[in-house]
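Student: below are the sequence and a predicted model for it; my questions follow.
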Amino acid sequence: MKQHAIVGMASSALVAALYLLMDVPLPAAFARVSFFLLFLTMIIGPIVKLKQQGPVKSALMLPSTWRGELGIWFTFFGLMHVVILAFDRPILSFIELGGGGYGLANLLGLVALLWALVLSATSCSKAIRYLGVTSWKWVQSFAYLIFYLVSGHYIYFQFFSSNGGNPGPDWFGFVALGMILVVILLEFVAFVATVKKAKQPKK
């Protein structure tokens, strides 16, 4: 519960800062914080693989213990992004294809959100016991699919959609692009390190 409280309060403070101090529209503020939480969720895995973990005094010091909380709050803030937008118009109107790619970008985002809801619903000990560890890990492996769907949603919307006279990417568009590249690079480096370790002769 302590980790959930920390992530929830810090994320809410970021939304407030974007909305109140930087004049970012509220739906976009939720979307940007959600994307940042997804970024943190995705880099934990390769970092844990690459870094030798020594003894720690508290579970709060272990990066792997934060992954579930970050993923759940990513889902919640992504859901808030959609809910706020849906107050103004029917949800199905967001995924109408055509119109400068706006519908396609939103379709990617909605598919990612549905998968994220599934992963969040199974991020508990009861789900692990019910599904079994192997099946549960398989379900959770779809976090990578969610990351690439969300990345496609955001990059398409920022850089390629011409809907509504889109002026092109803003500052966070380039930040998001950098975060995507960092995740891909870390995953590649962790994969290479894992392969090298597997090929080392056993002592």
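Tutor: Happy to help now that I have it. Computed from a predicted structure; not experimentally measured.
Student: tell me how far the residue nearest the centre of the chain lies from Y148.
Tutor: When CA atoms, centre = their mean is applied to the chain, the residue found nearest the centroid is L38 (2.1 Å). Using CB to CB, to the nearest Å, L38 is found at 11 Å from Y148. Where C-beta positions appear, they are placed from N, C-alpha and C, glycine not excepted.
Student: ditto for M42
Tutor: Distance from M42 to Y148, counting by CB to CB: 10 Å.
Student: repeat that for L131.
Tutor: To Y148, L131 is 23 Å away according to CB to CB.
Student: so how far is G78 from the residue lying closest to F142 once chain neighbours are set aside?
Tutor: Once flanking residues are discounted, F142 sits nearest to W115: 5.5 Å by CB to CB, 6 or more residues apart in numbering. Distance from W115 to G78, counting by CB to CB: 11 Å.
Student: neighbour-wise, which of these two wins?
Tutor: G78 (27 against 18; other CB atoms under 10 Å).
Student: next SSE downstream of the helix or strand that contains A5?
Tutor: Assigned by DSSP states H and E, A5 belongs to helix 2-16. Later in the chain than helix 2-16, the nearest helix or strand by DSSP H and E is helix 26-50.
Student: what's the helix or strand just after that next one in contact with?
Tutor: Where DSSP H and E defines the elements, the next helix or strand beyond helix 26-50 is helix 67-86. Contacts with helix 67-86, where a contact means CB atoms under 8 Å, 6 or more residues apart in numbering, come from 3-4, 6-8, 11, 15, 26-28, 30-31, 33-34, 37-38, 40-41, 44-45, 91, 94, 109-110, 112-113, 116-117, 119-120, 123, 143, 150.
Student: quick check: the residue nearest to F142 vs A121, distance?
Tutor: As judged by CB to CB, W115 and A121 stand 11 Å apart.
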